[in-house]
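Visitor: The sequence and its predicted three-dimensional model are supplied below.
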Amino acid sequence: MLLAEFNEGRSKTLYCIAATVLQLDELESLLDKARAESKGLDIEAKSEIMHSLLNEIAKDRSYLLKLRK
């Protein structure tokens, strides 16, 4: 659902890392919140909302949602 609804073409890595790091209940509540905030918006705006929500959770929990190369 995350990729299908919020991926504008450049966020696949971020979403895959978030799905690996976050708990299932965190992801579900995040999806619900993002869906509520992004009703009627285009995919770019939806992606921005999801990014901000993910960054907020990552900051609160001291997670790093970046791929280390």
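Guide: Noted; the coordinates are in hand.

Visitor: hey, let's count contacts and neighbours off CA atoms from now on
Guide: Fine.

Visitor: Distance check, the residue sitting nearest the centre point of the chain against residue 30.
Guide: The residue lying closest to the centre of the chain (Cα atoms, centre = their mean) is residue 50, at 4.2 Å. Remark: distance between residue 50 and residue 30 (Cα to Cα, to the nearest Å) = 8 Å.

Visitor: which residues do the two both contact?
Guide: Residues touching both residue 50 and residue 30 (Cα atoms under 8 Å, 6 or more residues apart in numbering): none.

Visitor: count of neighbours near residue 47?
Guide: Residue neighbour count, defined by other Cα atoms under 10 Å, stands at 23 for residue 47.

Visitor: any idea which element it lies in?
Guide: helix 43-61 (DSSP states H and E).

Visitor: what does that helix contact?
Guide: Helix 43-61 has contacts (Cα under 8 Å, 6+ apart) with 5-8, 11, 18, 30, 34, 37-38, 63-65.

Visitor: ok, residue 26 - how many residues close by?
Guide: With other Cα under 10 Å as criterion, residue 26 counts 12.

Visitor: Show the pLDDT at it.
Guide: In this model, residue 26 is scored at 90, pLDDT.

Visitor: before we move on, the earlier item: just the buried residues of the contacts of helix 43-61.
Guide: 6-8, 11, 18, 30, 34, 38, 65 (16 or more other Cα atoms under 10 Å).

Visitor: In CSV, list the C-alpha atoms belonging to stretch 49-64.
Guide: Taking C-alpha atoms only, stretch 49-64 is exported to CSV below (Å, rounded to 0.1, in the frame of the first residue of the first chain):
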residue,chain,number,x,y,z
ILE,A,49,3.1,14.2,3.4
MET,A,50,4.3,10.7,3.8
HIS,A,51,8.0,11.9,3.9
SER,A,52,7.2,14.4,6.6
LEU,A,53,5.4,11.8,8.7
LEU,A,54,8.2,9.3,8.3
ASN,A,55,10.8,11.9,9.2
GLU,A,56,8.8,12.9,12.2
ILE,A,57,8.7,9.3,13.5
ALA,A,58,12.3,8.8,12.7
LYS,A,59,13.4,11.9,14.6
ASP,A,60,11.2,11.0,17.6
ARG,A,61,12.6,7.4,17.8
SER,A,62,16.2,8.2,16.7
TYR,A,63,15.9,6.1,13.6
LEU,A,64,18.0,6.6,10.5
